[in-house]
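Chemist: Fold the following, please.
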Amino acid sequence: MKKHLFILVALIALLIILLTILINPPKAVPENVPVVIATSTDSVVPDAVVTPGSKKVTASFRERIAYNDILIEPSAIKEDSRCPESVQCIQAGRAVVSLSIYSLEGEHVTSKDVEEGTSFYVGSTKITLEKVSPYPAVPGKIGDTDYRFDLLLEVIE
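Modeler: Okay, here's the model as predicted:
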């Protein structure tokens, strides 16, 4: 009797899963939507020359920037351990921002945690987080909406 009940419960669970998949099939990433293919931790040269087709932008927290068939959004401050200007620190610290990437239709493609001064690739687009502002002047938390993010966006062929 217990064996039959177990089989019945397993069949009902399987039926529910199959119906859920049929009603809401998993969304595949369309072919024309780029995905992350590599990461670079090379430092950014200050005041880098912007090549033709490149774009330097300053984005606010949760602002979506359109470039080369994708939308880029600074979506979370993962870490801001930079040493405030008014304090003498043993270590400089770092700023790490989560950048969310969307298709132009608004579908989430990927997210990447990026340290200030590093780059990563989404398809043929190189995204560099050049600077996170403001730099902490005194100890304490900076509000998410007070942050600004300088991005260098480049098409790599």
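Chemist: what's the weakest-modelled helix or strand in the chain?
Modeler: strand 36-40 (a mean of 39; mean pLDDT, DSSP states H and E).
Chemist: Can you check which strand is longest in the protein?
Modeler: Longest strand in the chain by number of residues (criterion: DSSP state E): strand 70-80.
Chemist: Could you point out the helix or strand that follows that strand?
Modeler: Scanning forward in sequence from strand 70-80 by DSSP states H and E, the next helix or strand is strand 95-103.
Chemist: Give the other helices and strands that that next one contacts.
Modeler: strand 70-80, strand 108-115, strand 125-133 (3 or more CB pairs under 8 Å, 6 or more residues apart in numbering; DSSP states H and E). To be clear about C-beta, it is placed using only N, CA and C from the backbone, and glycine gets the same treatment.
Chemist: for the second one, packing partners?
Modeler: Translated: strand 108-115. Strand 108-115 packs on strand 36-40, strand 70-80, strand 95-103, strand 118-122, strand 125-133, going by 3+ CB pairs under 8 Å, 6+ apart.
Chemist: any idea which of these scores lowest on pLDDT?
Modeler: Here the lowest mean pLDDT among the helices and strands packed on strand 108-115 goes to strand 36-40, at a mean of 39.
Chemist: Helix or strand next in line after it, which one?
Modeler: Assigned by DSSP H and E, the successor of strand 36-40 is strand 55-60.
Chemist: Contacts for that following strand, please.
Modeler: For strand 55-60, contacts defined as CB atoms under 8 Å, 6 or more residues apart in numbering pick out 50, 65, 67, 72-74, 130, 145, 147-154.
Chemist: buried sites along the helix or strand following it?
Modeler: Per DSSP H and E, the first helix or strand lying C-terminal to strand 55-60 is strand 65-67. For strand 65-67, the neighbour count (16 or more other CB atoms under 10 Å) marks 65, 67 as buried.
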